[in-house]
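[1] Output the structure for:
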Amino acid sequence: MVFWAGWPFHRAAWTNLRHGAATMDTLISLGTLAAWCWSVVALFLLDAGMPGMRMGFQVVLDRDAATDHIYLEAAGVVTTLILAGRYFEARAKRRAGAALRALLALGAKDVAVLDADGAEHRVAVGELRVDDRFVVRPGEKIATDGLVEEGSSAVDQSLLTGESVPVEKGPGDDVVGATVNAGGRLVVRATKVGADTALAQIARLVADAQSGKAPVQRLADRISGIFVPVVLVLAAAALGAWLAAGASVAFAFSAAVAVLIIACPCALGLATPTALLVGTGRGAQLGLLIKGPEVLESTRRVDTIVLDKTGTVTTGELRVVDVVLTDGATRADVLRLAGAVEDASEHPIGRAIARVARAEVGWLPVPESFANRQGLGVEGVVDGHAIAVGRPSLLADWAMPLPPELERARQQAALAGQTAIAAGGDGTVRALFVLADTVKPTSSEAVEALKALGLRSVLLTGDNAATARTVAGQLGIDEVIADVLPADKVAAVKRLQAEGRIVAMVGDGVNDAPALAQADLGLAIGTGTDVAIEASDLTLVSGDPRGAADAIRLSRRTLRTIKGNLFWAFAYNVVLIPVAFLGYLNPLFAGAAMAASSLFVVSNSLRLRRFSAAWAGKPDPVARPAASGSTTGSPASLSS
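    Residues are numbered from 1 along each chain as shown. As a prediction, this is how the structure comes out:
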């Protein structure tokens, strides 16, 4: 037990001794070796090994009976408790490389490359070279950064940019690796491969941010440089003082051993890992995952919380928030005809319109004909009616300009950062669909709870400023940072830190991962990407932003418990070391007192199991119907 299981302590103590340093490992090594060596000497050379000898069980050390005491159990208990604490601590530490592995898993694994004759052959992505031409079909990930040469399509870039609306791409447009082709067939010429791609750059940002975030050093480690030398001096002084006073060598050595054993930092070693184990276990029950002890210190100091928009405070998908009708048009007819055409489309806008149409109308007829006008919209014939749904420019091609009331609605939607889609048929514009990424019903409560914790909220998004301001206004957030790329998000967090703020970041996408790693405290939405989760310090499993306040409260409570554990662990040392120095404490009872302090630390930590969360695990409140032009509420409740 002492030499094999305790070997890491002895090796560290020897290394520190060679460098003239003393740490807690030095104290553990000396204490256990002294107890073991004395026990061996007492067994084989002194009275402890005599036939019929019994070890006295008194608190105060007997000067005449010191030679019959052995302390093997104290050496074994010290080694066991310290190793148990380090085991719990190791389980709680984050794995820094997990975020990078998750990033690499996002990219495409193989790609259809076109040769000189135009024939396709699939190769591994690693074999792609600059200027290679490759094909991206609907639903596939784009293999690497490149330039579109043929075709047009909507590309979902939300993972990298946070934009809630897919971006239309055509010949001459740049595309980014790992984004998803949501529409037609594209032929792309590779412009960047390997380490030069945007995805690789994000991976480097995550690595730099994680390696640059130094772990918070615990209180026990910070004072060990003073505490350990003082204990060693006191133990040596006890030995010398009792010898000088005429006491026996056995008694003087027992007093010195008692000082070393009472000071062995079992309670100190258990203070952090036991509280962390209980706190993280309770958090896991509530859907709040805490990754390591350095997280706790961050939650205490945080004064600013940065909230990503898409997927964090919003649902992350387009929904119809308003349907503006012209005179003579009925909502049911418009939804049935437009929904039937859009039901045949793969575009996210089309899916949103078809979804609300099925919810209100039910069964949708099958179009007699269908055509997809890339980048503009869709056309088709439904029940003998020629229908066009798409951008106003598409309907203008059909000689159907927007009437004044719909044009005003389109302009209002544009000012609010919403997407306006016109629908017309038989030569007349019938309606305007207004779509937006809707705010989660719980987001307002989340912002209020964070403010109650004394945190200043900032909305950070890659989406346009108009949309960001609209969402911020609904949530009561005053500070908005919009139109930012992943690297710009990191820069925004650094700028806030440079202003002296301690920043927490809540996000869910790949584009949020570097900022989550850079922030003093990163909170990932559990419904987001693996990259964001691995790069963060806290994960909200349910995806409810209200859990951010619960997670910070639990972390702060756990930190207070750790500080309380450390205080009492040191307090018992301060009281009992002088008692041991004066020879009034049997090393046997020193070991018992050490075990009692460890038991107290564990019991104090178990109180965290009673932590109750305000929001975690609770259902979302029922969303109220939204007024015209609003970005909240369910599609089924919207008025025309």
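[2] Pull up the gap between the closest residue to residue 288 other than its chain neighbours and residue 494, please.
    Computed as CB to CB, 6 or more residues apart in numbering, the closest residue to residue 288 that is not its neighbour in sequence is residue 551, at 4.4 Å. For glycine as for every other residue, the C-beta is placed from the backbone atoms N, C-alpha and C. Going from residue 551 to residue 494 by CB to CB, to the nearest Å gives 23 Å.
[3] Have a look at these two and say which one is more surrounded.
    residue 551 (29 against 15; other CB atoms under 10 Å).
[4] Specify the local secondary structure of that one.
    Secondary structure, DSSP: H, G, I helix; E, B strand; the rest coil: residue 551 is helix.
[5] pretty sure residue 43 contacts residue 49?
    Yes: using CB atoms under 8 Å, residue 43 is in contact with residue 49, at 4.3 Å.
[6] Hmm, residue 506 and residue 545 touching each other?
    Yes: assessed by CB under 8 Å, residue 545 is found in contact with residue 506 at 6.7 Å.
[7] Quick check: neighbours shared by the two?
    307, 312, 525 (CB atoms under 8 Å, 6 or more residues apart in numbering).
[8] contacting residues for the second one?
    Each residue near residue 312 by CB under 8 Å, 6+ apart is listed here: 506-508, 512, 525, 528, 545.
[9] Same question for the first one.
    Neighbouring residues of residue 307 by CB under 8 Å, 6+ apart: 313, 447, 457-460, 477, 506, 545.
[10] Now do the host helix or strand of residue 238: which elements does it pack against?
    Applying DSSP states H and E as the criterion places residue 238 in helix 219-244. In terms of contacts (3 or more CB pairs under 8 Å, 6 or more residues apart in numbering; DSSP states H and E), helix 219-244 is packed against helix 24-44, helix 249-263, helix 266-285, helix 547-581.
[11] Just send the ones you listed back as a markdown table, with distance to residue 171 too.
    Formatted as a markdown table, the helices and strands packed on helix 219-244 follow (distance: least, CB to CB, whole Å):
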| stretch | distance to residue 171 |
| --- | --- |
| helix 24-44 | 65 |
| helix 249-263 | 75 |
| helix 266-285 | 50 |
| helix 547-581 | 43 |
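[12] I'd like those as CSV, with distance to residue 227 and mean pLDDT appended.
    Below are the helices and strands packed on helix 219-244 laid out as CSV (distance: least, CB to CB, whole Å; pLDDT from 0 to 100):
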stretch, distance to residue 227, mean pLDDT
helix 24-44, 8, 83
helix 249-263, 8, 77
helix 266-285, 9, 72
helix 547-581, 8, 82
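[13] winner for burial among those?
    helix 249-263 (a mean of 26; mean count of other CB atoms under 10 Å).
[14] Do you know the pLDDT at the closest residue to residue 301 other than its chain neighbours?
    Excluding its sequence neighbours, the residue lying closest to residue 301 (CB to CB, 6+ apart) is residue 502, at 4.5 Å. Model confidence at residue 502, given as pLDDT, is 89.
[15] tell me the mean pLDDT for the helix holding residue 238?
    According to the model, helix 219-244 has a mean pLDDT of 78.
[16] out of the contacts of residue 312, who has the most neighbours?
    residue 512 (36 neighbours).
[17] Residue 398 - how many residues pack around it?
    With other CB under 10 Å as criterion, residue 398 counts 16.
[18] Within the helices and strands, which one has the closest residue to it other than its chain neighbours?
    Excluding the flanking residues, the one nearest residue 398 by CB to CB, 6+ apart is residue 388, at 5.4 Å. Of the helices and strands defined by DSSP H and E, residue 388 is found in strand 385-390.
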